[in-house]
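K.L.:
quick one, fold the following:
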Amino acid sequence: MNRYDSYKDSGVQWLGEIPSHWEVRKMKFSFDERSDKGYPFLPLLAATQNHGVIRKDNYENRTVEASKSLDTLKLVEEGDFVISLRSFQGGIELCHDRGIISPAYTILRPTHIESCYFKYLGKSPIFIQLLKSMVTGIREGQNIDYGKLRDNLLPIPSHKEQEAIANYLDAATSKIDEAIAQQQKMIDLLNERKQIIINNAVTKGLKPNVKMKDSGVEWIGEVPEHWEIIRIKYLLEESKERSETGNEEPLSMSQIYGLIPTKQMDIIPNMASSFVGAKIVKEGDLVFNKLKAHLGVFNVSRYDGLVSPDYAVYKSTGRANLHFLEYIFKTPKCIHEFVKLITGVGAGLSRLYTSDLYTIYCALPTIEEQSSICEFIERKTAKITEAISNCNKHISLLRERKQIIINEVVTGKVKVS
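P.N.:
Got it, this is the predicted structure:
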């Protein structure tokens with residue numbers, strides 16, 4: 001890639017050198033802060049790190065707290081930028097629709113900067129590092145102090161160059177996004193193949209000609225004749241042991257990697273000020289996030305450690321192999337049963353409580369057959385799991401490449417025209 005003919009010191013530590021003909025300008029001179037109250041009849045918007053600010057009905061995993069009155073929400077216009085409570089993790093989001101959003105967010109209307117350019121600068125890794133240094137508050141109360149951020153200098157090319165940069169990045173990132181989409185499509189196909197293997201094994205067993213019977217439970221259907229139909233309450237015992245010191249390893253649930261040490265997460269969540277009173281998990285316990293039962297977020301832990309009080313921790317009563325139950329719990333039909341029993345006011349605020357989980361029936365072979373089925377599944381899906389892992393690694397590399405390109409271009413390290 002080409003570089004500009006000459007560079008100068010921007011005078012900004014986080015930015016370094018910029019092309020000699022570029023300006024630097026305080027952020028407050030490129031935006032007006034919008035504080036208008038919205039109208040209740042306008043669409044409710046959600047700030048997302050991957051899709052920008054979009055209509056809430058297009059982003060099912062976000063909700064508005066029931067206690068918030070719609071007439072307190074802020075107006076956002078298409079083309080505005082939103083600083084959300086998670087912007088220090090993923091950058092400042094461009095709004096793609098007119099609507100209303102949380103009053104806790106800062107709304108910026110671009111006045112002397114091109115939206116097409118700032119949508120990349122505002123989400124570049126180098127700018128996100130600046131945002132992280134502007135955070136005020138602790139943990140769940142963290143937010144970006146716009147009073148401080150607005151006095152920071154931004155790199156400002158000419159308007160023509162801003163448009164050229166945006167056009168270049170639109171083309172470059174769309175190719176990368178297409179490659180990521182292809183990898184994701186492959187992951188979906190592999191997961192579908194894996195799910196078929198699992199579903200057949202945990203509902204029909206391993207003997208193709210075994211005699212079947214009607215389970216008497218609609219969602220279960222027919223099962224091998226010798227399998228038992230039993231309520232989950234006889235298979236699991238909830239563990240409510242709490243940490244007295246909070247010194248154990250914090251664990252978090254990843255839909256890709258399962259229950260892993262929080263420090264290994266791709267994005268480290270806000271950590272509690274103290275883990276005293278957190279739930280203790282032992283290796284081999286079955287753990288799930290009660291808020292995400294509808295997503296099948298269950299996992300048998302490979303670690304000793306601590307989890308949030310919003311997680312449920314179960315031990316086996318001795319009648320069930322917990323890996324076998326984990327496979328059952330992740331089947332689409334079983335997840336559908338969870339969804340019917342979830343209580344709450346919406347995604348993100350709804351829970352599957354233990355008392356409701358215990359009412360569900362499942363089909364159970366002998367403990368020996370459960371182990372055989374688990375071994376069969378692990379053997380048959382090992383190569384599929386490896387292929388999925390390779391796809392995820394490829395996606396990570398593509399995303400990293402995308403971020404490098406954006407960083408280099410928006411800061412002038414690479415010339416695009």
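
K.L.:
so for stretch 194-207, what's the average pLDDT?
P.N.:
When pLDDT is averaged along stretch 194-207, the result is 94.

K.L.:
what of stretch 232-242?
P.N.:
When pLDDT is averaged along stretch 232-242, the result is 95.

K.L.:
now do stretch 6-13
P.N.:
Confidence for stretch 6-13, expressed as mean pLDDT, is 94.

K.L.:
now do the buried residues in it.
P.N.:
residue 10 (16 or more other C-beta atoms under 10 Å). Yep, even glycine has a C-beta here, placed from its N, CA and C like the rest.

K.L.:
ok, and what's touching it?
P.N.:
Residues from elsewhere that reach stretch 6-13 (C-beta atoms under 8 Å, 6 or more residues apart in numbering): 16-20, 24, 152-153, 155, 412.

K.L.:
pull the CA atoms of that stretch into PDB?
P.N.:
Included here for stretch 6-13 are C-alpha records, laid out as PDB according to Å, rounded to 0.1, in the frame of the first residue of the first chain:
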ATOM      1  CA  SER A   6       5.200  13.600   4.100                       C
ATOM      2  CA  TYR A   7       4.000  13.300   7.700                       C
ATOM      3  CA  LYS A   8       4.000  15.500  10.800                       C
ATOM      4  CA  ASP A   9       3.600  14.900  14.500                       C
ATOM      5  CA  SER A  10      -0.100  15.200  15.300                       C
ATOM      6  CA  GLY A  11       0.800  16.300  18.900                       C
ATOM      7  CA  VAL A  12      -1.700  13.600  20.000                       C
ATOM      8  CA  GLN A  13      -0.100  10.600  21.800                       C
END
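
K.L.:
so what's residue 261 up against?
P.N.:
If a contact means C-beta under 8 Å, 6+ apart, then residue 261 has 249-252, 303, 305 as its contacts.

K.L.:
tell me who's in contact with the closest residue to residue 259 other than its chain neighbours.
P.N.:
Nearest non-adjacent residue to residue 259, counting by C-beta to C-beta, 6 or more residues apart in numbering: residue 299, 4.4 Å away. Applying C-beta under 8 Å, 6+ apart, one finds that residue 299 lies in contact with 253, 258-259, 286-288, 326.

K.L.:
circling back: now a PyMOL select for only the buried ones of the contacts of residue 261.
P.N.:
Under the burial definition 16+ other C-beta under 10 Å, those of those that qualify are selected in PyMOL by:
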select buried, resi 250+251+252+303+305
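
K.L.:
how about the contacts of residue 261 in CSV, adding distance to residue 374, secondary structure and pLDDT?
P.N.:
Below are those laid out as CSV (distance: C-beta to C-beta, whole Å; DSSP: H, G, I helix; E, B strand; the rest coil; pLDDT from 0 to 100):
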residue, distance to residue 374, secondary structure, pLDDT
249, 26, coil, 90
250, 28, strand, 91
251, 22, strand, 91
252, 24, strand, 88
303, 19, coil, 93
305, 23, strand, 93
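
K.L.:
right, and out of the contacts of residue 261, which lies closest to residue 335?
P.N.:
Proximity to residue 335 was ranked across these by C-beta to C-beta; first place goes to residue 252, at 20.9 Å.

K.L.:
quick one: the closest one and residue 265 touch, right?
P.N.:
Yes. Between residue 252 and residue 265 there is a contact under C-beta atoms under 8 Å: 5.4 Å.

K.L.:
inside strands: which ones of the contacts of residue 299?
P.N.:
Secondary-structure check on these using DSSP state E: residues within strands are 253, 258-259, 286-288.

K.L.:
out of the residues you listed, flag the one nearest to residue 47.
P.N.:
Proximity of the ones in strands among the contacts of residue 299 to residue 47 (C-beta to C-beta) peaks at residue 253, which lies at 22.8 Å.

K.L.:
kindly provide the distance from the closest one to residue 356.
P.N.:
Plainly put, residue 253 is 20 Å away from residue 356 if you go by C-beta to C-beta, to the nearest Å.

K.L.:
just residue 307 next, same as before
P.N.:
Here the criterion is C-beta to C-beta. By it, residue 307 lies 20 Å from residue 356.

K.L.:
so for the two, which sits in the more crowded spot?
P.N.:
Summary of the neighbour comparison: residue 307 and residue 356, criterion other C-beta atoms under 10 Å, with residue 307 having more neighbours (25 against 17).

K.L.:
got the confidence number for that one?
P.N.:
The per-residue pLDDT reported for residue 307 equals 92.

K.L.:
who's it bridged to?
P.N.:
When bridges are taken as DSSP bridges, the partners of residue 307 come out as residue 279.

K.L.:
for it, give me its contacts.
P.N.:
Going by C-beta under 8 Å, 6+ apart, the list of residues near residue 307 reads 250-253, 259, 278-279, 281, 287, 313.

K.L.:
please repeat the previous calculation with a cut-off of 7 Å.
P.N.:
Neighbouring residues of residue 307 by C-beta atoms under 7 Å, 6 or more residues apart in numbering: 251, 278-279, 281, 287, 313.

K.L.:
which one of those is nearest to residue 231?
P.N.:
residue 313 (19.3 Å).

K.L.:
one step back: mean confidence for the helix or strand harbouring the residue nearest to residue 259?
P.N.:
For residue 299, the enclosing helix or strand under DSSP states H and E is strand 298-300. Mean pLDDT, computed over strand 298-300, is 90.

K.L.:
direction included, what does it pair against?
P.N.:
Listed by DSSP bridges, the sheet partners of strand 298-300 and their directions read strand 286-289 (antiparallel).

K.L.:
which residues touch the partner strand?
P.N.:
253, 259, 281, 297-301, 307, 310-314, 322, 325-326.

K.L.:
buried members of these into ChimeraX, please.
P.N.:
Once 16+ other C-beta under 10 Å is used to decide burial, the buried members of those can be selected in ChimeraX as follows:
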select :253,259,281,297,298,299,300,301,307,311,312,313,314,322,325,326
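
K.L.:
can you name every helix or strand that the longest helix along the chain contacts?
P.N.:
Secondary structure assigned by DSSP state H gives helix 159-204 as the longest helix of the chain. For helix 159-204, the contact count by 3 or more C-beta pairs under 7 Å, 6 or more residues apart in numbering; DSSP states H and E identifies helix 115-121, helix 322-329, helix 367-410 as packing neighbours.
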